[in-house]
Structures are given as structure tokens and as C-alpha cells.
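Student: pasting the structure only:
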């Protein structure tokens, strides 16, 4: 805890003497708040202490203690460390007041906690399942819930040293025994309750009898070329104007977090590649950072590894933003010319990843205390060629043929506006937040790795519309190139791993929240360790997912064709949204 | 002037269009050789990037990883000395748990022999992460470069057994020369140390 947070902590304890107690479990930080005082406390925290940015809300199932815990990570939008607070609730009837009224950005995250852990949030405006399907029985992240093809509680599985024949888990099919149906479930008669609730909230018949007009409800997706995956938007339209819009997601849900809780710590690294599959390097970094916090300073990565981490993360940012810009232009109808020009440059970056990490997209390159391997011969020169020669030239070209294009301007300017206050309230992160005039970048606001050593500007634009989100991405590519040039010049020789690589390790009990500035925004990993070989809780604060909270706000009042580019300008990846 | 931005943009696309021809003329007949493929993925290329797969293939870099294979050293009489000792680290570290190892036992004494009697990898489940090769203490399992693995029947073909997984050390050396050299040097050093320790002991 830094000095400022310590001072604030004293003030808060004085302000709420009875209901705020420091969390004194070993390895834990923050405060335990009484559920009854939560709303009052959060309001004071936001208004009096300046912690106006709610980064992450998640639940933890402490099965042995018969308790559920909701964990909140808040930050100041001006920068600095976290203020963590928690609410405990009995496991049989878990119920906590909702913070949607104070931090609207909590909406989807609380729905997720309800969906996966069954924690009820009193006063939540729309508490429906969000990732699982509506008829699903049970809450899959609870520790006593077992999935289909369940083999055992934790990896490695004993069955991997078989006597005699081997079999696949599917052949043995323990599926039936694990599936729980709701009481009286009849698949023929069943209509999803949540669907009815969703549509009931959407359809509002206009009262003006003389006009004989009616609003209509339109589904965009789940299969729709504009959604960049399997994603659905339900929009109520008045003519062509969007009156209300609700995103529906979870089509790619695979319960990444449950898988993560059964994996060992090391096994999770390749799984994080599969979250945001366009920028796996930064996802690796976020997770590795959280676990390194738990492991303590002795696993600090050596100097050379720190530099390579930065270099890889910035290349990832460039390739991701190129993809985002290309896809946005596709959504605008500039079919595939800008996309393919962007992909060409991305291709060269992916070649570097392939030569170093072994795979173009599923990099699996970062390790606890370093990196998987050093740069092979010839890669450093290739990086230099890109960072000093090719990329600056090509980015200028991209700027030249797109930025002043009148059609792009006409379609993008003033569309999907998010004001700075709204952006902070909705917990928007990354280019969405910075395009709204909030210069918040985790690399600068709460530096990690060695970002303090580099000279770069936080890209910021002030209109909060689609056009500014495009411009912010372009600016960020330029800043990334600046960082790359400095890092490549300074790259020292030396080791790339602290100590010998180990495949099994003991992680001390405790909790850690590691966050990095991924290309799509703040990517956080909340890891709780109970001292065993597998994490007790593994939560991903996915920027694609949380940025969607503000989607309906951005779309309201715009035309239905704009919904497509507004979604494109948020730049989501469904692998991360649905997890 | 309204429309200036569009004209500028079209100018850039026109330049790209012309560049493909300029590139073609400049590279000439070499375009459809290996050298030409390498040029098309270099920083200097201005024209088309497209590689005409499957007629042309991008070279796989050494670190490229796909499906693991088991390495054996060829003995003098052509026998296969499998490097794997069935220690099980690869199957312990495997994130999707797709490796099964059946250990060998001496039929007379019942003691374990350091060699797998069978070794399976479920290729459908393998996520190509390379952890098995990374943590193998005997350099016995290595990530392969072969990526054209489509089959008609996945149930019949996609659990690889020991016979299908085994590949000679020469093949390993061919696809990963640098790694092979480093590992061979490290092993030789270890052997030498052992030998000196042994001779000291004897002395």
C-alpha cells in the first residue's frame, strides 16, 4: 500500500468507524464492508475520496467458510493504485446491494456474478443471466458445481498413466450424471424466461393513436457480419432511430474461469492466449503479472526480459489496432481494401511472433519471472526494420488515405458519443475512454513493467465519437512505435528468466490483481491462491466485455446503421467477451 | 475542397495497384521461387503479399510449433533408442491433458523400465502450446513443424500412438538445427562432467 492510499485508508476508517474493517487474512488487502452500508460507503468513496473508476467487480466462493465474497477494485481516474473493498455474504442466501446506481459500469459485471456464482444483487435494474443460457440450472463457478465430462477436481489428472487401454473422457461419457435439469423441465414446452423478459423490456407501444405508428424490435445478430463474431444486439427502433438497445452475449462462453481454477498456474498461460486472440501477448502479461505479485519479488523478471515484454506488447498493440481500424472500415462499407492494407502490416508483426514464440496468434510466450525463450537470431534485425522503417511509413500512408476521407468523416463524426463523465461511470477503458477525453492509460496511471523509463504520450481525443476512437487508435500506434524505437535501442543482453524454469510451483496464499493496458483497454486478472497448486479463484476483467456496458448508451438516438460502426469502434473480441 | 480526401485515398490505392506491377517487373522470374516467397514476407515488399498456397509455402521458422513428436536416436544396428524415460512431466504439465503414457515393466521382476511401453497424444485436444517440449528434461519430446494434418475420420486417426509419434533425431536436427545443437552441447557437457567425476572417484 502506498502512502497516499494509506492516508485515505485512515480517513475512511474514521469516516465509517463500525462498518469498515481491514481485511487481515494473510496475503489479502483492502477492507471488508458491512453489506448494509455498502451503497453509502461506495457513494462516499466516489464523491469524497475520488475513487470514481470501478475497475472490477467479481465474486469468490469460499466454500469451506460457507461464505461468498464480492470483491471491488476501484481506482481514481487521475491515476494511482487500487482501493479494494469486499462484502461478505452467507453462501446459502448470497445477497449484496447493487452498485449500479453509483457505478453504472457494474451492471454487466454484477449480472455475471449472479449468472456464474448465484450472488443476488438487490436493486439491480436487469438481473438476468448474461453468459449462460436462460434455461440453465445452477451457477457453474460455484465450487461444488461439476461440469459435463468432469474427471477430477484439479489437473494433472491421475488417469494419464493408464493401465491397459486408453480412453477419451467423451467415450466414458460421464455427461448424463452431471447434467441437472430444472424441476418439471419439458424441452418441448419450454420458453426461455430471460428472452421474454428481454423483449418485454424492449417493446413500448407508442400512445399516439392518430399517427398509427409503432416501434419495432429488431435483432442484429447473433449471426451477422457486423458483429465480429457471434454477438447479438436487440434494438427497439422508432423509424430508423434506435430508442433502446441491449447486447446479448455468451454464445462463445466456455467457462474460462472454471477451467482456469482447475488448471495449475502454469497451464493457464496458454489459455489466456485464447481470450483476446488478436493480442495474446498482453493477455499473457496480465496473468503473469498477477501471479508474479503473489509469488513476490524474488521472481522479478530480468532486465532483458522486461524489455522484450514491452517490445512484444507494443507490437501486439500495433497489430491489434491495425486490425481494429481495418475492421471498422469494413463496417463502414469500405469493403476490404483498408482491411487488407492493415493486414499486410500485421502479417509482418505476426511473422516476428511466429519466429520468437512459435505461433502467430497463440503466443504463450510470457512465463512467471521471464519469458519462454530468447529472441532467435535475425529477429532483432527484423524488429528494427519494422519499428524504424516500415511501420512509420505505412502508418503515415494509412493516415493519408483514411483520415481525411469525407465519407469516413460523414459517417463517424458525432456518432456514438460518450461524454467523459459517462465513460468513467460506465467503466469504459482503453481507446473508448481516451477518445472521450480522459487521458487514462494504465501504462502511465499505474505503471507496470518498465514503462516508466519510456518517453511516450497518452493518446487522447475529446469528442468521444467513433471518429475520435479511430484517431486515438492511430495516435496509439504512433506512440507504440516511439516506445518500440526506444526499447529496441536500449535492449540489453542477459538472461531472460529469473532462476530455472519450473513446471510446478507453490504460490503463497493470498490474492492479487494484475492489470495491464491491453490494446482494448485495461485487462485485469484477479487471482486468489489457497496455497495449493491450482488457483482458488481466477477471474478475468475483460475490457471487451465491460466496454459493452456503455454500448446501449452510445447507440441511443443514433440510426440503426450506426449501431454497426459503434460496435466496430469499441473493438470487441468475442473470445474475451464471452470467456 | 470537398472530395479531396477521397481523391487522395484513391491515389494511394492506385499507387498500390501500380506497385504490384512494378514489383513484378523488378523481381521478375524469381518471384515464384523460394527467394521470391522470402521477399514477399520481407520489409521491402510493396506489391502483393499473397503466397499461392499450396503451390508455394511460407518457410516455417525454427521455433514454429505444431504437434509434438517423440525423438529416438538411431543405434549402430539401426535400433531405435527412444529418449523418453516415461517420467511423465510432459503429461503433468500439459494444459489440456492430452498425453497418456503407459510405463514399461520388466516382465520378470515387475520393476519399471525407463521407457514408455506406449505413448498417446490426442491431437484433437492438443492446443499446440509447446509446454511438453519446454519442460522435458531429456529432450525427448519436440514440437513438430508439420501442419497439414487433415484427416477424413478424426475418431480413427487422431489419437497418435508411439509408432506414429516417433521420429529420428536427424529429423529433429533438420527442422530445429539451433535448438538441437544447444541441447546436444549441453548433454555432452553433462556427460563429460559425469565422466570426470567418475574417473576422480575411481582414482
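Tutor: Cool, the structure landed. Computed from a prediction, not measured in an experiment: that's the story for all the values here.
Student: how about residue 67, what does it touch?
Tutor: The chain I'm using is chain A. Applying Cβ atoms under 8 Å, 6 or more residues apart in numbering or on different chains to residue A:67 gives the contacts A:88-91. For every residue, glycine as well, the C-beta is placed using N, CA and C.
Student: ah, I was thinking of chain B
Tutor: B:121, B:123, B:126, B:128, B:143-144, B:146, B:149, B:160 are the contacts of residue B:67 under Cβ under 8 Å, 6+ apart.
Student: how about the helices of chain B, start to end?
Tutor: For chain B, the helices defined by DSSP state H cover B:4-27, B:34-40, B:89-93, B:131-135, B:154-157, B:162-165, B:169-175, B:177-202.
Student: check those for me: which has the lowest mean pLDDT.
Tutor: Here the lowest mean pLDDT among the helices of chain B goes to helix B:154-157, at a mean of 78.
Student: any part of it near chain A?
Tutor: No. Counting by Cβ under 8 Å from any Cβ of the partner chain, chain A has no neighbours in helix B:154-157; the shortest distance is 9.1 Å.
Student: for that helix, buried residues please.
Tutor: Residues of helix B:154-157 classed as buried: none (neighbour count, 16 or more other Cβ atoms under 10 Å in any protein chain shown).
Student: which other helices and strands contact that helix?
Tutor: Helix B:154-157 sits against no helix or strand, with contacts defined as 3 or more Cβ pairs under 8 Å, 6 or more residues apart in numbering or on different chains; DSSP states H and E.
Student: got the contact list for that helix?
Tutor: Contacts of helix B:154-157 (Cβ under 8 Å, 6+ apart): B:124, B:151.
Student: show me how far that helix is from its chain's centre.
Tutor: The chain centroid and the centroid of helix B:154-157 are separated by 22 Å, computed with Cα atoms, centre = their mean, to the nearest Å.
Student: what domains does the record give for chain B?
Tutor: For chain B, the structural domains run B:1-57, B:68-202, going by automatic domain parsing.
Student: Serialize the helices of chain B to JSON lines and add fields for distance to residue A:563.
Tutor: Below are the helices of chain B laid out as JSON lines (distance: least, Cβ to Cβ, whole Å):
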{"stretch": "helix B:4-27", "distance to residue A:563": "25"}
{"stretch": "helix B:34-40", "distance to residue A:563": "38"}
{"stretch": "helix B:89-93", "distance to residue A:563": "45"}
{"stretch": "helix B:131-135", "distance to residue A:563": "42"}
{"stretch": "helix B:154-157", "distance to residue A:563": "39"}
{"stretch": "helix B:162-165", "distance to residue A:563": "50"}
{"stretch": "helix B:169-175", "distance to residue A:563": "49"}
{"stretch": "helix B:177-202", "distance to residue A:563": "50"}
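Student: pick the most deeply packed of the domains of chain B.
Tutor: domain B:68-202 (a mean of 16; mean count of other Cβ atoms under 10 Å in any protein chain shown).
Student: distance from that domain to the middle of the chain?
Tutor: Centroid displacement of domain B:68-202 relative to its chain, using Cα atoms, centre = their mean, is 13 Å.
Student: just the pLDDT at residue 116, thanks.
Tutor: I went with chain A, as the question did not name one. 91.
Student: other chain: chain B
Tutor: 82.
Student: the closest residue to residue A:302 other than its chain neighbours: what secondary structure?
Tutor: Excluding the flanking residues, the one nearest residue A:302 by Cβ to Cβ, 6 or more residues apart in numbering or on different chains is residue A:495, at 4.5 Å. Using DSSP: H, G, I helix; E, B strand; the rest coil, the structure places residue A:495 in coil.
Student: how near is residue A:495 to residue A:288?
Tutor: 16 Å (Cβ to Cβ, to the nearest Å).
Student: equivalent analysis for residue B:149, please.
Tutor: For residue B:149, the distance to residue A:288 - Cβ to Cβ - is 30 Å.
Student: got it, and residue A:444?
Tutor: Distance from residue A:444 to residue A:288, by Cβ to Cβ: 21 Å.
Student: how about residue A:59?
Tutor: Taken as Cβ to Cβ, the span from residue A:59 to residue A:288 is 24 Å.
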